[in-house]
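> 3D model of this:
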Amino acid sequence: MLKLLGGLCVLLSGVLACRNHLGERRRRRETLTDFLTALRRMGETVRAARTPLPILLATLASDCGPDGEVFFKSAAGAARSGEHLPEIWRTLAEELPLSEKDRSVIAELGGDLQGDEEQVCRAVSLAVLRLSESAGEAERRRPEEEKRAAALWLSAAALLVILLI
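Numbering: from 1, shown residues only. Just a heads-up that it's a prediction; the model follows:
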């Protein structure tokens with residue numbers, strides 16, 4: 001009976017680990033979607049309304065999920081206080097729950113935010129294009145990766161149960 005209860009606990013932990021893994025992947029997708037939406041709005045606002053950067057960043061933060069909100073609020077605070085925005089932007093980008101490639105795209109954008117309107121719009125458009133490609137590729141691979149993750153976690157849990165018995 002004790003082995004059965006232990007095996008059940010191991011299987012349950014495998015299911016929970018799989019759920020956590022898939023939740024982290026969902027968080028990455030949501031963060032990437034938030035950044036795509038925010039950067040598109042940023043490009044439109046810079047071009048049309050010419051809103052000052054600290055106000056624009058604070059506005060973008062209000063429409064994002066938790067990771068995007070922290071990023072844009074911190075960047076807005078740094079811009080208001082006169083800190084060197086590209087350095088802060090790069091530091092904040094490295095903390096995002098995204099792939100290394102996506103973090104580097106966002107980090108590179110920070111260096112181009114201090115130019116003129118045309119340069120900022122070009123940099124934002126390039127970043128949106130690169131992030132859109134990444135999001136499309138991730139969405140295309142998503143079903144396969146979810147199946148693979150579930151198979152891996154559940155197989156590992158089943159193997160542990162077999163070893164316990």
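> Could I get the full set of helices for the chain?
Along the chain, the stretches classed as helices by DSSP state H are 2-48, 53-62, 66-81, 85-94, 100-111, 117-164.
> What are the buried residues along the worst-scoring helix or strand of the chain on mean pLDDT?
Across the helices and strands of the chain, mean pLDDT, DSSP states H and E gives its lowest value to helix 53-62, namely a mean of 90. Across helix 53-62, burial judged by 16 or more other Cβ atoms under 10 Å covers 53-54, 56-61. For glycine as for every other residue, the C-beta is placed from the backbone atoms N, C-alpha and C.
> For Val46, state which of these is nearest.
Leu56 (7.3 Å; Cβ to Cβ).
> right, and the closest one touches Val46 too?
Yes - counting by Cβ atoms under 8 Å, Leu56 does reach Val46; the two are 7.3 Å apart.
> Give the intersection of the neighbour lists for the two.
Here Leu56 and Val46 share no contacting residue, scored by Cβ atoms under 8 Å, 6 or more residues apart in numbering.
> Number of residues surrounding Leu32?
Neighbourhood size, Leu32 [other Cβ atoms under 10 Å]: 24.
> does it really touch Arg130, like I thought?
No - in this structure, Leu32 is not within contact of Arg130 by Cβ under 8 Å, at 11.2 Å.
> Let me see the contact set for the closest residue to Val46 other than its chain neighbours.
Leaving aside its sequence neighbours, Val46 sits nearest to Val120 (Cβ to Cβ, 6 or more residues apart in numbering; 5.3 Å). By Cβ under 8 Å, 6+ apart, Val120 lies in contact with 46, 112-113.
> one more time with 10 Å
Applying Cβ atoms under 10 Å, 6 or more residues apart in numbering to Val120 gives the contacts 42-43, 46-47, 53, 109, 112-114.
> Same question for Gly110.
75, 84-93, 123, 127.
> top of the residues you listed by neighbour count?
When neighbours are counted by other Cβ under 10 Å, Ala75 leads the contacts of Gly110 with 26 neighbours.
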